[in-house]
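**Q** Build me a model from this:
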Amino acid sequence: MTSLSGHAGTHAVSVAQRYGVTSMFTLSGGHVFPLYDGAVKADPPLRLVDVRHEQTAVFAAEATARLTRTPGLAVVTAGPGVTNSVSAVTGAWFNGAPLVVLGGRAPDYLWGSGALQEMDHVPLLAPVTKRAWTEHAVAGVAGSVDEAFRLALTPHRGPVFCDFPLEAIYGEDAVDLPPDAGRMPMESAPDDRDVAAIAALLAAARRPVLVLGSDVWLDGAETAARVSAETLRLPVIANGQARGVLPRGHSLLATRARALALAEADLVIVVGVPLDFRLRYGSFGPKDGPAAVVHVADSPAGIAAHCPLAASAAGDLTAFFTALAAACGQRPAGDPGWLPRLQEAAAASAAADRPLLSSDAAPVHPMRIYGELLRVLDDDAVVIGDGGDFVSFAGRLVEPTIPGRWLDPGPYGCLGTGLGYAIGARLAYPSSQVVLLLGDGAAGLSLMDVDTLVRHNLPVVMIVGNNSAWGLEKEPMRAVYGYDVAADLRPGTRYDEVVRALGGAGELVTAPGQIAPALQRAFASGVPYLINVITDVAAAYPRTTTGV
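**A** Reported below is the predicted structural model:
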């Protein structure tokens, strides 16, 4: 059994490091000073990344968790520090990110007297965390932090919140850690009978489709998923961080034929993603012959209960894919024309995009930006989307080569993730390209944290699609009411100058031919660099949801 001495902040940091945590994301506050002291004096020290808004700290910790599959840690001070973090915690809740948020709290001995920033945080966080509680005892801090990390990492993963009154986190005591502190939780294999039922459905299917979601990546099942798909010759639609499980150009990758695949399939196996609005709430296939739907999740609570399922399974996703391939053996061919049809549809979709990817239209068509970007992206680049209209193009066009390198706000759809995600991505992959795609609306929610990138020497390439509007709201409101309000932004805002004022670099792009040279300068700069592209607000395109 390990004994810890010193103040409770030191205990908390010691436990966090046992779970592989290397960075603490925070915005300074006196209620949590002992956690900073513990980070600085740890051996090795825990990197402190101080940001300009608490939501950025939580977004950065979430990005760390989603990219590295180790838990992220954010520390926020009492009162507004906690309330500023709530939207970001909620995003992590919807994304299933293993995240621990530690908060400060007014002292117990003054509770009810009106101490500075005195409020009960727990009821705010309880609905959007796996657990939220207050640890009142000095001797209990280490154990509570250990429990928080263990809960965050136990499938279905998600955020956990714990706060500490001043006398608890500043207090000193000698404590013994539980013998299993820092040990990762074990996952259960899915029931063999459930796998057998799915294998039987697959054996009878003529037009099957396999949909892979972010939990395939977070569960470490990407290799097993690819092997299973290839063994069973299953067309695959990949979304979220499962993009890249089958690399772009793979013969089974049907993401670009998504509409056809989901409309005509007779069996849809969905693994690692909820059957929510992104997936038609689980309704697939022709109206006169709906598809059988199978839902597979990393824990029983994740199985959809709002729609009829032909079968389901819950448990370790690597074990599921391995067992499915073994149970199926040599799958019958089904409809021999099914995969070729999907391949043709995907090829036709790509062909239809090519003219706009090289468009010389002025103002710049957003597609031209992606046409230039796709030429210079490395295979291991991290691509982050934070926006609506402009980023919706990325949801269709960016097909990674390897999984886990795509980040977007996910089904909660909270804009403002961008700079926090970029901070986490740059720390997670210091030698890879990190590209942040920003709508001009989303830029207004987090751009001040370029200051954080500059202070911590974290170079990121940012591209703003500047169409001077909340594009995903402007046109729908016009369609409903015949006019729009509250949807316009100032034309031509110089977001590049904002970045320069904060210590980075950037430039304005107004013509298609300027995009490629600007990208070259940005990637070569070695500093936070923003390319501000004036785009066509009227550019119409069949968009996808960026969380898909």
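**Q** ok, the worst-scoring helix or strand of the chain on mean pLDDT: who's next to it in the sheet?
**A** One helix or strand of the chain scores below all others by mean pLDDT, DSSP states H and E: strand 3-4, with a mean of 73. Paired strands of strand 3-4, with direction, are strand 175-176 (antiparallel) (DSSP bridges).
**Q** what's the spacing between the strand it pairs with and its chain's center?
**A** A distance of 36 Å separates the centroid of the chain from that of strand 175-176, by C-alpha atoms, centre = their mean, to the nearest Å.
**Q** Please enumerate the strands of the stretch 401-548 of the chain.
**A** With DSSP state E, counting those that start in this stretch applied, the stretch 401-548 of the chain shows strands at 406-407, 434-439, 461-466, 505-509, 529-534, listed in chain order.
**Q** Show me the one of the ones you listed that comes nearest Ala265.
**A** Ala265 lies closest to strand 406-407 among the strands of the stretch 401-548 of the chain, at 23.9 Å (C-beta to C-beta). The C-beta positions use only the backbone N, C-alpha and C, and glycine is treated the same way.
**Q** Distance check, Ala314 against Val398.
**A** 31 Å (C-beta to C-beta, to the nearest Å).
**Q** Repeat that for Glu497.
**A** Counting by C-beta to C-beta, the gap from Glu497 to Val398 is 28 Å.
**Q** do the same with Ala115
**A** Per C-beta to C-beta, Ala115 is found 49 Å from Val398.
**Q** Neighbour count for the two, which is higher?
**A** Val398 (23 against 18; other C-beta atoms under 10 Å).
**Q** about what we covered before: could you point out which element follows the least confident helix or strand of the chain?
**A** Sequence-wise, the next helix or strand downstream of strand 3-4 (DSSP states H and E) is helix 8-18.
**Q** so after that following helix, what's the next helix or strand?
**A** strand 23-26.
**Q** any idea of the angle the helix or strand following that following strand forms with helix 8-18?
**A** Following strand 23-26 in sequence order, the next helix or strand is helix 33-41 (DSSP H and E). Note on geometry: by axes from the mean of the first three to the mean of the last three C-alpha atoms, to 10 degrees, helix 33-41 and helix 8-18 are set 50 degrees apart in direction.
**Q** Give me the distance between the residue nearest the centre of the chain and Val58.
**A** For the chain, Leu407 is the residue whose C-alpha lies nearest the centre (C-alpha atoms, centre = their mean; 4.6 Å). Leu407 sits 14 Å away from Val58, going by C-beta to C-beta.
**Q** Look at the residue lying closest to Ala189 once chain neighbours are set aside and give its secondary structure.
**A** In this structure, Ala189 finds its nearest non-sequential neighbour in Ala319, 4.1 Å apart by C-beta to C-beta, 6 or more residues apart in numbering. Taking DSSP: H, G, I helix; E, B strand; the rest coil as the rule, one finds Ala319 in the helix state.
**Q** The stretch 251-400 of the chain: helices as residue ranges?
**A** Assigned by DSSP state H, counting those that start in this stretch, the stretch 251-400 of the chain shows helices spanning 258-264, 317-328, 338-357, 366-376, 389-397.
**Q** Report the mean confidence score over the last one.
**A** What that stands for is helix 389-397. Mean pLDDT, helix 389-397: 91.
**Q** Just the CA atoms of that helix, as CSV, please.
**A** Written as CSV, here are the backbone C-alpha positions of helix 389-397 (Å, rounded to 0.1, in the frame of the first residue of the first chain):
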residue,chain,number,x,y,z
ASP,A,389,-21.9,26.0,-42.3
PHE,A,390,-18.2,26.1,-43.2
VAL,A,391,-17.3,23.0,-41.2
SER,A,392,-20.2,21.0,-42.6
PHE,A,393,-18.1,20.7,-45.8
ALA,A,394,-15.3,19.1,-43.8
GLY,A,395,-17.7,16.5,-42.6
ARG,A,396,-18.2,15.2,-46.1
LEU,A,397,-14.7,15.8,-47.6
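**Q** packing partners for that helix?
**A** helix 338-357, helix 366-376, strand 382-386, strand 434-439, strand 461-466, helix 471-481 (3 or more C-beta pairs under 8 Å, 6 or more residues apart in numbering; DSSP states H and E).
**Q** Output the ones you listed as CSV; include the columns mean neighbour count.
**A** Below are the helices and strands packed on helix 389-397 laid out as CSV (neighbours: other C-beta atoms under 10 Å):
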stretch, mean neighbour count
helix 338-357, 16
helix 366-376, 21
strand 382-386, 26
strand 434-439, 28
strand 461-466, 28
helix 471-481, 15
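**Q** could you dump these to JSON lines with distance to Arg193?
**A** Below are the helices and strands packed on helix 389-397 laid out as JSON lines (distance: least, C-beta to C-beta, whole Å):
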{"stretch": "helix 338-357", "distance to Arg193": "28"}
{"stretch": "helix 366-376", "distance to Arg193": "45"}
{"stretch": "strand 382-386", "distance to Arg193": "40"}
{"stretch": "strand 434-439", "distance to Arg193": "44"}
{"stretch": "strand 461-466", "distance to Arg193": "50"}
{"stretch": "helix 471-481", "distance to Arg193": "44"}
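**Q** Go through these and name the closest to Thr2.
**A** Taking C-beta to C-beta, strand 382-386 is the member of the helices and strands packed on helix 389-397 nearest to Thr2, at 35.6 Å.
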